[in-house]
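Engineer: Sequence and predicted model, in that order:
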Amino acid sequence: MSVKLFDLRKKDYPKNVEFRTLQVHTCQICNSRTNLAISTGFPGTYLSAPCPNVLKDWHGIVAELQSAMSKIGNMSYVNNLLATGLAKVLDTHRNEIVDNIVGKADRSLTW
């Protein structure tokens with residue numbers, strides 16, 4: 001069974017539903033990739049790409065550590081501690097990070 005992939009550059013994707021895209025989105029938290037998109041709002045003008053790992057507890061911990069690092073700024077000692085903790089969490093759960101790509105998505109195209 002083939003899956004229809006919508007090219008986001010053409011803006012002819014379905015509105016207010018889940019669909020698959022030609023482009024691949026990379027999660028800023030765990031670097032997993034997906035081509036699942038959800039258009040919401042009226043008339044389906046907002047696009048989101050849910051990370052396949054977002055419901056895992058470690059994903060939230062990584063997001064909080066990244067947020068704390070961005071708020072602290074150049075306090076190098078604290079940032080180094082947070083970076084060490086972040087690396088440990090990611091290393092511990094590296095095998096759990098999964099991608100969610102269906103169809104023949106073009107991995108060179110991102111959004």
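Structural biologist: Ah, there it is.
Engineer: Need the contact partners of stretch 69-79.
Structural biologist: 82, 83, 86 (Cβ atoms under 8 Å, 6 or more residues apart in numbering). From N, CA and C alone the C-beta is placed, and that goes for glycine too.
Engineer: start to end distance for that stretch?
Structural biologist: Terminal residues of stretch 69-79 lie 6 Å apart, using Cα to Cα, to the nearest Å.
Engineer: rewinding a little: okay if I get the contacts of stretch 69-79 as CSV plus secondary structure, distance to residue 3 and neighbour count?
Structural biologist: CSV is the format used below for the contacts of stretch 69-79 (DSSP: H, G, I helix; E, B strand; the rest coil; distance: Cβ to Cβ, whole Å; neighbours: other Cβ atoms under 10 Å):
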residue, secondary structure, distance to residue 3, neighbour count
82, helix, 40, 19
83, helix, 39, 14
86, helix, 34, 17
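Engineer: can you redo the residues you listed as TSV with pLDDT and distance to residue 39?
Structural biologist: Supplementary listing: those in TSV, determined by pLDDT from 0 to 100; distance: Cβ to Cβ, whole Å:
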residue	pLDDT	distance to residue 39
82	90	35
83	90	36
86	93	32
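Engineer: Redo those residues as CSV? Include distance to residue 28.
Structural biologist: As requested, the contacts of stretch 69-79 are exported to CSV (distance: Cβ to Cβ, whole Å):
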residue, distance to residue 28
82, 16
83, 16
86, 13
